[in-house]
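**Q** this is a predicted model, with the sequence first.
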Amino acid sequence: MKRKLRVRQAQTVLPFGVGAVLDVQGESFVAAGIGSWPGTKTTVASERLAARLGVTGFFAAPHTLNDRYDDADRPGVPYVRFPGWLFCGACRTMVRFLRADEKPGEPPLCGSCAAAPRLTPMRFVRICPDGHLDDIDWWYWAHSHLTPEQRAACSEGQRAWQARRLTFRVADRASGLEALTVSCGAIGAAGRTCGAERDLLDLLGPQAGRCSGRNPWQRWDERATCGQQVHNVQRTAGNVYYPVVYSALDIPRSAEPPKAERDAAESVLGHGLWTVFLGALGTDREEVFRTMIKSDTEAPDSLIDQLTAEATGAPTASAAHRPEVSKLDLSRDEWYAFDAHRLPEDTPEFAVRRGGLGLDGETEEPWSTLDAHIGGVVLVDRLREVRALTGFRRHSVNGTIVPADTGARLRWLPATEVYGEGIVLTLGEQRLTDWENDPRVRAHVHGVRADLDASFRGEQLAETVGEELSPRFLLLHTLAHLLIRQLSFDSGYTTASLRERVYGRPEYGQRGLLIYTAAGDAEGTLGGLVRQGEKPYFPETLIRMLEAAAWCSADPLCAEHTGQGFGNLNRAACHACTLLPETSCQTGNTLLDRALLIGSARVPGYFADVLTASREYAAATALGGRP
């Protein structure tokens, strides 16, 4: 019996990347480290992402020659059978299946039954917080209630890892894990059966014993010394695999300075102390005037150093000794490309054009009020995204990261490239600044910021949200979720097919978001999302989105919540109104609050007046006061 087990190229990064357990056609495997990948890899170019991750480049899994996958000998990404313990559904015999037993194109079969049915993998495995994965010692589990002397009397004790007399039975008069029993039928020297057995009632959770210090694809001599407590879980449990994936858009370089930097430079050059600062260079008063200029303009030291060098013709002494404290932020170049006064020239991987709501000069409500809140729309007809897998965690999201190359010898990472389209929406700069400076808004966001600081996810999300969680990030992030949910009705894409990129870091002048779809096909997508971003469709989509956001089936509990979700990092946001599939969200469905859009008794909403105008218009239309 020949069979072919297939994994798409994009799936070798997510969700079946290095370290992930793959269930396919009744069999179970785990993806091996990239040190075992074949030499016929496909190069994936992304200079920005490589610089951010500190690697020399990226490679994708080998692609197939055609759509029929008919080259059986073509090497692919290696997957190792795991767990090694299998059982027969007919005779219930347990078998430790070794790599030497593998036959290409053949599933493992039971050798004890005449019909030779296919063996089934055991449902339970062992993990630890340091990222190791291993089989459960089923021989020891069956004998764990016995004394050491009784265990030593079992004839299979010396080869427990390959015990040949274990059976996995199901009781008729019990349910749950209590109905499952592992029994030992080993024959002793006196011809007596061992008879040790134990049910699986207490199997799940932390257990005694030592961790093997390795993953299934590693050789025994590659194991590490691990002192972590082991945990028994189901092999398909969510905490078996937490991938660490980074992504970057392919953005063409532009010679034009970013708008935010231009505005900051104008503020510094126009400051009343700028001339005084230049005259004080090299004196004790230099830092005093620098601090005053920074306080008034919020300009970074790097910009002041650059302007000083331009004004004096040489770098300042302070600039030469000031260390670089910030690492490459992937969102900066992306936002600058979308916010540029002159958009980048189109390339085969990046094509954008300026759009709009088409509401210029509109006096009717709610359209005129909506137009005042929106800064602009950019339509992305084509984009390229590179997604790279750096490693994974097990047991908890703050566990030890296991690198994709467990041998620590390679300087490249597995990645995949996808093409798609998108919509960039920016908010009005002055109106957004006035709104987030409202004391009620700042007090409301302060509570979320305190929960984030107390959460272990604070460090993980720092790169996304910035040095400090700002009101505009919460607003833009929630707006992105609500917009994805609305676009799933209008554009023909499901919510899982759409993704977000939130540009809400005030230190870079960010005030927008990108909703995009990215598919594995080299031709990209069909334009349905960009079509919805054009006039007159997009304004209607925004109004319907706000009307939907004003009501949740879990209200008033959802609307009045002061902390819900993981780590209390959400406010008015639940599965009925705001949350998305986690593959679509940058922060794992956290830092959401629709009250910041529509308003509540505690905080004014950015779009509250738009929603009010829409309701008044609808009421007047229903009463016959408007056409």
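**A** Perfect, thanks for sending it.
**Q** against residue 205, how distant is residue 428?
**A** 53 Å (Cβ to Cβ, to the nearest Å). Yep, even glycine has a C-beta here, placed from its N, CA and C like the rest.
**Q** chain center to stretch 609-627: distance?
**A** 41 Å (Cα atoms, centre = their mean, to the nearest Å).
**Q** pLDDT below threshold where in the stretch 1-150 of the chain?
**A** Flagging of the stretch 1-150 of the chain using pLDDT under 70 yields the residue ranges 1-3, 64-74.
**Q** ok, which stretches of it are helices?
**A** Under the criterion DSSP state H, counting those that start in this stretch, the stretch 1-150 of the chain contains helices at 47-53, 138-143, 148-152.
**Q** out of residue 428 and residue 205, which sits in the busier spot?
**A** More neighbours surround residue 428 than the other of residue 428 and residue 205, with 17 against 8 (other Cβ atoms under 10 Å).
**Q** any idea how far residue 121 is from the closest residue to that one other than its chain neighbours?
**A** Closest residue to residue 428 apart from its sequence neighbours, by Cβ to Cβ, 6 or more residues apart in numbering: residue 375 at 4.7 Å. Going from residue 375 to residue 121 by Cβ to Cβ gives 54 Å.
**Q** who does the helix or strand hosting the residue nearest to residue 428 pair with, and is each partner parallel or antiparallel?
**A** Taking DSSP states H and E as the definition, one finds residue 375 inside strand 374-393. Within its sheet, strand 374-393 is paired with strand 242-249 (antiparallel), strand 351-354 (antiparallel), strand 402-403 (antiparallel), strand 412-427 (antiparallel), according to DSSP bridges.
**Q** just those: most buried one?
**A** strand 412-427 (a mean of 24; mean count of other Cβ atoms under 10 Å).
**Q** can you name every helix or strand that the following helix or strand past that one contacts?
**A** Counting by DSSP H and E, the next helix or strand C-terminal to strand 412-427 is helix 429-436. Identification of packing neighbours for helix 429-436 by 3 or more Cβ pairs under 8 Å, 6 or more residues apart in numbering; DSSP states H and E yields helix 471-490.
**Q** now do the buried residues in the helix it packs on.
**A** By neighbour count with 16 or more other Cβ atoms under 10 Å, helix 471-490 contains the buried residues 471-488, 490.
**Q** thinking again about what came up before, can you list the buried residues in the strand holding residue 375?
**A** For strand 374-393, the neighbour count (16+ other Cβ under 10 Å) marks 374, 376-380, 382-393 as buried.
**Q** stretch 44-57 too?
**A** Those would be 44, 46, 48-50, 52-53, 55, 57, for stretch 44-57 by 16+ other Cβ under 10 Å.
**Q** how long is that stretch end to end?
**A** 7 Å (Cα to Cα, to the nearest Å).
**Q** next: stretch 550-566.
**A** OK, stretch 550-566 end separation, Cα to Cα: 23 Å.
**Q** same question for stretch 169-184.
**A** 11 Å.
**Q** centre of the chain versus that stretch, how much separation?
**A** 38 Å.
**Q** what residues sit buried inside that stretch?
**A** Quick answer for stretch 169-184 (16+ other Cβ under 10 Å): 180-184.
**Q** closest to residue 563 out of those?
**A** Comparing the buried residues of stretch 169-184 against residue 563 with Cβ to Cβ places residue 180 closest, at 39.1 Å.
**Q** residues in contact with that closest one?
**A** Applying Cβ atoms under 8 Å, 6 or more residues apart in numbering to residue 180 gives the contacts 168-171, 199-200.
**Q** for it, name its beta-bridge partners.
**A** residue 170.
**Q** got a pLDDT number for it?
**A** Per-residue pLDDT puts residue 180 at 94.
**Q** quick one: the strands in the stretch 451-600 of the chain?
**A** Applying DSSP state E, counting those that start in this stretch to the stretch 451-600 of the chain gives strands spanning 498-503, 512-519.
**Q** a markdown table for the ones you listed, including mean neighbour count and distance to residue 278?
**A** As requested, the strands of the stretch 451-600 of the chain are exported to a markdown table (neighbours: other Cβ atoms under 10 Å; distance: least, Cβ to Cβ, whole Å):
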| stretch | mean neighbour count | distance to residue 278 |
| --- | --- | --- |
| strand 498-503 | 24 | 34 |
| strand 512-519 | 23 | 35 |
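**Q** least confident of the ones you listed, on average?
**A** Lowest mean pLDDT within the strands of the stretch 451-600 of the chain: strand 512-519, at a mean of 89.
**Q** which residues touch that one?
**A** Here strand 512-519 has contacts from 334-335, 338-339, 375, 380, 383, 385, 418-427, 476-477, 479-480, 483-484, 487, 493, 497-504, 525, 529, using Cβ under 8 Å, 6+ apart.
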